[in-house]
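Novice: structure for the following, please:
(chains A and B)
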Protein chains: 2
Amino acid sequence: MQVETIAQQTYDLKKELKKMAQQIDQALVKALPEEEAIPSIIHQSMRYSLFAGGKRLRPLLALAACQAVQGDQNKVMAAACALEMIHTYSLIHDDLPAMDDDDLRRGKPTNHIVYGEAMAILAGDGLLTRAFGLLAEAAFAEAKGQSAEVAQRYLQVITEIAQASGSQGMIGGQVMDMEAEEKAIDLPTMEYIHQHKTGALIKTSLRTGAILGGGSHEAIEALSAYGEYLGLAFQITDDLLDIQGDTEKLGKPVGSDEKNQKSTYPSLLGVEKAREAAEEAVQSAVEALEPFGSEAELLRQLALYLLEREN
Amino acid sequence: MQVETIAQQTYDLKKELKKMAQQIDQALVKALPEEEAIPSIIHQSMRYSLFAGGKRLRPLLALAACQAVQGDQNKVMAAACALEMIHTYSLIHDDLPAMDDDDLRRGKPTNHIVYGEAMAILAGDGLLTRAFGLLAEAAFAEAKGQSAEVAQRYLQVITEIAQASGSQGMIGGQVMDMEAEEKAIDLPTMEYIHQHKTGALIKTSLRTGAILGGGSHEAIEALSAYGEYLGLAFQITDDLLDIQGDTEKLGKPVGSDEKNQKSTYPSLLGVEKAREAAEEAVQSAVEALEPFGSEAELLRQLALYLLEREN
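Specialist: I've put the predicted structure just below:
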């Protein structure tokens, strides 16, 4: 039954996602110092990774959550850009020789391959710093002449983004991932890694859109729950793609997790159970959206789409 | 004439600085997740560098600027801690093998020597992220139930700190420093490097204290000017100490700049002219404080003290 709905609506979803991704890219172009800004080399390096073909998942989720609470998307765009900058900095640092030592990302040479290790470290630092600067600037401009509540919403969002990406969030997940390397780990440890390394920022992207969009407490919590399930579904389908996908579409060699002896959902649960877990997570995500009507259609379709994604 | 004043008051200055540094340390201890917080290893690594014997110059300047505008120091402490975290992260990353490749800092093994390169990168990222999280948390708590102006002050401070430490501030200075390595550079290039690599955050520390302390526009600008001169004086005396100091007091080998063929104020101007330039900068710093009375005595004495510092 659902299959038809998905097939029928996928075209519109893709079109909508593409349109939003373009708006995000336009905002990102303006959100960083220009390439010519002194010192030019670091701004080239920052822009290289920021425009290296990311799917813009986090900013899309922030904008879609804002849509779900019928907020003004213009007021979320700066925060959406900040989320993408934080995601990008984490990829640059994760790819470094001292970390995962990856030469390719989305089919392109990684930042340190092009600009050298030192510049890659600094470009990551620069993106992380700019993310918070952009948030504060936008908050200052938005809150000017407004009630104290507008500023408070932004301060809550900045606090949550720092938590989600900090040493007890995304960075903590990366630390645990490193500690687990080439070790057999159990399911709870793998869940900890994913919930922190990728899950926390995905969930926070939804909260960011919901909070800045002026959503009620209930709406914010519903979108949080959606974000948790979506993050889980995203991770499991990622693991499944690594086994079954096609190198060209994936931008990284198929089976690279297996080669790196990385514990994954399919390796711990088996492919069939992993696929079932992904379907359940998607179903729970969609259920979390029950309080919403058509204004949450994008988020619904996005969750269903995960099950048929190819990269 | 001035010499007597300095000698007479140095004792009190040192006592005052020590007392304030202790207060800062107490606040820093509480501002980070505990060592036991999961994942423990990154919190150990973050704390190792944060408590490795820094002089706490930036937080001291923020508190002293707040004192100068007769503000409430309790309202500046979180931001003062954030400034120290940003300074510490920059030292951890600068010391990395891909950057300056330093094994010792303040006489102790650098972070990557103790915890490895990957953890040092992540500890730096964690401190930078926590700095902004702490600022936003403090702002949220302070602004609660207050007029919109309180939140606006914080948002201005967060914006300025991000600028001062970003790719067109501190990080930009480090990039230029790397580009200039083992090259003879001219005075304007060296000034660019210092103004960005260290000057920007020192100046911003003063602005932070003045803004959050509720200072007038004129007071903020006067303290900014003081900060610029102080940063310059600090850098020149640092260069002079590198030639003349004693390894034990300095925590790094004397003459290391010369060995690294680093352009310094003494190498470009000669020792005598460099000393004169430091004295002039200190004098200008003190003059910038003319609008203030005894409430700026700490800042006055601190500037004069630079000329007789030994580490």
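
Novice: chain B versus residue A:12, what's the distance?
Specialist: Residue A:12 sits 37 Å away from chain B, going by Cβ to the nearest Cβ, to the nearest Å. Bear in mind the C-beta positions are built from the backbone N, C-alpha and C, glycine included.

Novice: what does residue A:208 give?
Specialist: Distance from residue A:208 to chain B, by Cβ to the nearest Cβ: 13 Å.

Novice: identify the residues contacting that residue.
Specialist: For residue A:208, the contacting residues are A:62, A:65, A:76, A:79-80, A:83, A:157, A:160-161, by Cβ atoms under 8 Å, 6 or more residues apart in numbering or on different chains.

Novice: for chain A, name the helix or strand with the lowest mean pLDDT.
Specialist: helix A:247-250 (a mean of 54; mean pLDDT, DSSP states H and E).

Novice: sorry, back to before: show me the contacts of residue A:208 that map onto helices.
Specialist: A:62, A:65, A:79-80, A:83, A:157, A:160-161 (DSSP state H).

Novice: would you turn the residues you listed into TSV with distance to chain B and neighbour count?
Specialist: Formatted as TSV, the ones in helices among the contacts of residue A:208 follow (distance: Cβ to the nearest Cβ, whole Å; neighbours: other Cβ atoms under 10 Å in any protein chain shown):
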residue	distance to chain B	neighbour count
A:62	17	32
A:65	20	32
A:79	12	27
A:80	17	29
A:83	13	31
A:157	8	26
A:160	9	19
A:161	8	28
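
Novice: what segments of the stretch 151-300 of chain A are helices?
Specialist: Ranges of helices in the stretch 151-300 of chain A, per DSSP state H, counting those that start in this stretch, are A:170-179, A:187-194, A:200-212, A:217-244, A:247-250, A:256-259, A:265-269, A:271-288, A:297-306.

Novice: most tightly packed of these?
Specialist: helix A:200-212 (a mean of 28; mean count of other Cβ atoms under 10 Å in any protein chain shown).

Novice: which ones are touching the residue of chain A most remote from its centre?
Specialist: What lies farthest from the middle of chain A is residue A:145; by Cα atoms, centre = their mean that is 32.5 Å. By Cβ under 8 Å, 6+ apart, the contact set of residue A:145 is residue B:148.

Novice: show me what from the stretch 151-300 of chain A comes close to chain B.
Specialist: A:151-152, A:154-156, A:158-159, A:162-163, A:165-168, A:171-172, A:174-176, A:178-179 (Cβ under 8 Å from any Cβ of the partner chain).

Novice: got any ranges where chain A has weak pLDDT?
Specialist: Counting by pLDDT under 70, the ranges of chain A that qualify are A:1-11, A:245-260, A:310-311.

Novice: at 50 what do you get?
Specialist: Applying pLDDT under 50 to chain A flags the ranges A:1-7.

Novice: any idea how far the closest residue to chain B within the stretch 201-311 of chain A lies from residue A:77?
Specialist: In the stretch 201-311 of chain A, no residue comes nearer to chain B than residue A:201, which is 11.5 Å away by Cβ to the nearest Cβ. Distance of residue A:201 to residue A:77, given as Cβ to Cβ, to the nearest Å: 17 Å.

Novice: what do you get for residue A:278?
Specialist: From residue A:278 to residue A:77 the distance is 31 Å (Cβ to Cβ).

Novice: just checking, residue A:138 touches residue A:78?
Specialist: Yes. Using Cβ atoms under 8 Å, residue A:138 makes contact with residue A:78 at a distance of 3.4 Å.
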